[in-house]
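Participant: sequence and predicted structure below; questions after.
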Amino acid sequence: MDAKQFHNFTDMWKKPSIDETHLLLWIILMLLIFIGGTLGNLLTIIAIMTTKKLQTHSNILVLNMAVVDCLLSSVIYPIKVIMVLLYNFLPYTDQTKFEFTIFCRYYGFINVALSFSSNMTSCAIAVNRFIAIVYARKYHTMQKLPLFLLMILMPWIVPLGVSSLGLLDRYGGDSFHLTPIGLCTFNLDLQTASNHNWKFIIAMAVPCLMLPTLIIAASYVAIYLKVIQVRRNLRRAIYSPVLRPNNLLTDSSLSCTNTNGCVQAPTVICVRLKRFEHRVKGARMMFICFTMFCATYYPATVVVAVAKHFKSRILLDCPPLLLWVFGLYFAGCCINPIVYAWMNSDFRKAFKGLLYAFGGKLRDIFVGRILLLTRRMESHTFARFCCMRSI
């Protein structure tokens, strides 16, 4: 995109005025979100790498998602907030604005690639849970190294390869642009965009956003139906007189421990039920993470698309709306660790152990520094006392 195209594109935008106090409050909240997201995802990474019980195939995919979210919360999103600051508080000439937009183009490439990588990793987790629950007997094939490496690498390779098309003028000369408040995002104005920008939008949206979202939704619907069916069959098996003769009712070796005095199930059925419920809990946890992703990601996309369609009336009349919608978008990077600690006892125990260990080290360092300063003060006081006695 040359300077002439840049002027034609930005002339239709009127830069809105935003209260500085409002903007600074938004930036402070965003910094808190970034710090929490970075620490939470680092805690997730360290917990999976150091806790043997968490080193499962599905949690390796969770580790993959935590790495993506950690990069977003520690590097990508803070740069976007810095761009908003510079765009609103520093005066720019037309040439400087043009250079700022060129930087947005290359920054948008990395931002979009990592955002869609998180979505595709969530898709890989959903497929993993789908096979583990719906096709449990074939789940061992998912644990083979070539297929498992493919599920790890695909969420990195596909978004990076497709988003790189936005760097080519042939497919998307103005694929990424600055909004009137300085946020770097997609150019969704297909009517005024040049160089067939719609091809880039379709190439990004279909394989990296729409298709994974549909696969995730279909996987969790199938899991829900399978859960209902399996629980119904297990209840029938527990209370079946064919599988449960009277002599098994008093045989504790063939029954599950039940402290409520309820009818007990045979050991085989109990083990299957426990294994199944454990997988269902993992699927439920990742479904909550996917729901949070949709609740935080899609509002920003919809608002930007609607604002561009209606000639940015939403942004001009209420510019803070886009700030807070993107703030919700940024908050998605710190939600997953909270869900892990809330719904998984193993993650919760690992997080507590790491926090206690880290707090103990900080306490030891702090106490050691205080003791060192105390000894130095005592030695200094003793030296002065000896000097005074010699005088």
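Facilitator: It's in.

Participant: in stretch 24-31, what's buried?
Facilitator: Neighbour-count burial for stretch 24-31, with 16 or more other C-beta atoms under 10 Å as criterion, is recorded at 26, 27, 30. (C-beta placed from N, C-alpha, C; glycine too.)

Participant: I'd say the second one and residue 82 touch.
Facilitator: No: between residue 27 and residue 82 there is no contact under C-beta atoms under 8 Å: 9.2 Å.

Participant: what residues does the residue nearest to residue 68 when sequence neighbours are not counted make contact with?
Facilitator: Among residues not flanking residue 68 along the chain, residue 118 sits closest, at 4.7 Å (C-beta to C-beta, 6 or more residues apart in numbering). By C-beta atoms under 8 Å, 6 or more residues apart in numbering, the residues touching residue 118 are 65, 68, 69, 72, 155, 293.

Participant: secondary structure, distance to residue 276 and pLDDT added to the residues you listed, as JSON lines?
Facilitator: Listed next are the contacts of residue 118 as JSON lines, based on DSSP: H, G, I helix; E, B strand; the rest coil; distance: C-beta to C-beta, whole Å; pLDDT from 0 to 100:
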{"residue": "65", "secondary structure": "helix", "distance to residue 276": "24", "pLDDT": "92"}
{"residue": "68", "secondary structure": "helix", "distance to residue 276": "30", "pLDDT": "92"}
{"residue": "69", "secondary structure": "helix", "distance to residue 276": "29", "pLDDT": "92"}
{"residue": "72", "secondary structure": "helix", "distance to residue 276": "34", "pLDDT": "90"}
{"residue": "155", "secondary structure": "helix", "distance to residue 276": "27", "pLDDT": "90"}
{"residue": "293", "secondary structure": "helix", "distance to residue 276": "26", "pLDDT": "86"}
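
Participant: and of the residues you listed, the nearest to residue 349?
Facilitator: residue 65 (20.4 Å; C-beta to C-beta).

Participant: so who does the residue nearest to that closest one when sequence neighbours are not counted touch?
Facilitator: Excluding the flanking residues, the one nearest residue 65 by C-beta to C-beta, 6+ apart is residue 121, at 4.4 Å. Listed by C-beta under 8 Å, 6+ apart, the contact set of residue 121 reads 61, 64, 65, 68, 155.

Participant: hmm, 6 Å instead?
Facilitator: Shown in contact with residue 121 (C-beta atoms under 6 Å, 6 or more residues apart in numbering): 64, 65, 155.

Participant: do the same with residue 325
Facilitator: 299, 300, 303.

Participant: name the element it belongs to?
Facilitator: helix 320-331 (DSSP states H and E).

Participant: which parts of stretch 107-126 are buried?
Facilitator: Per 16+ other C-beta under 10 Å, stretch 107-126 contains these buried residues: 107-126.

Participant: in helices only, show me the residues you listed.
Facilitator: 107-126 (DSSP state H).

Participant: give me the below-cutoff pLDDT ranges for the stretch 51-200 of the chain.
Facilitator: Applying pLDDT under 70 to the stretch 51-200 of the chain flags the ranges 90-97, 166, 168-175, 177, 179-181, 186-198.

Participant: mind listing the helices for it?
Facilitator: Using DSSP state H, counting those that start in this stretch, the helices of the stretch 51-200 of the chain run over 57-71, 77-89, 94-134, 139-142, 145-163, 169-172, 197-205.

Participant: what's the closest of these to residue 273?
Facilitator: helix 94-134 (12.9 Å).

Participant: distance of residue 103 from residue 23?
Facilitator: The gap separating residue 103 from residue 23 is 20 Å, by C-beta to C-beta, to the nearest Å.

Participant: neighbour-wise, which of these two wins?
Facilitator: The neighbour count for residue 103 versus residue 23, taken as other C-beta atoms under 10 Å, is higher for residue 23 (19 against 14).

Participant: which helix or strand contains that one?
Facilitator: helix 20-50.

Participant: list the buried residues of that helix.
Facilitator: 23, 26-27, 30, 33-34, 36-45, 47-48.

Participant: now that helix: mean pLDDT?
Facilitator: The pLDDT scores in helix 20-50 average 88.

Participant: what is the orientation angle of that helix with helix 320-331?
Facilitator: Relative orientation of helix 20-50 and helix 320-331, computed by axes from the mean of the first three to the mean of the last three C-alpha atoms, to 10 degrees: 10 degrees.

Participant: how far away from the center of its chain is helix 20-50?
Facilitator: 12 Å (C-alpha atoms, centre = their mean, to the nearest Å).

Participant: check which helices and strands it is in contact with.
Facilitator: Counting contacts by 3 or more C-beta pairs under 6 Å, 6 or more residues apart in numbering; DSSP states H and E, helix 20-50 is packed against helix 57-71, helix 77-89, helix 320-331.

Participant: that'll do, ta.
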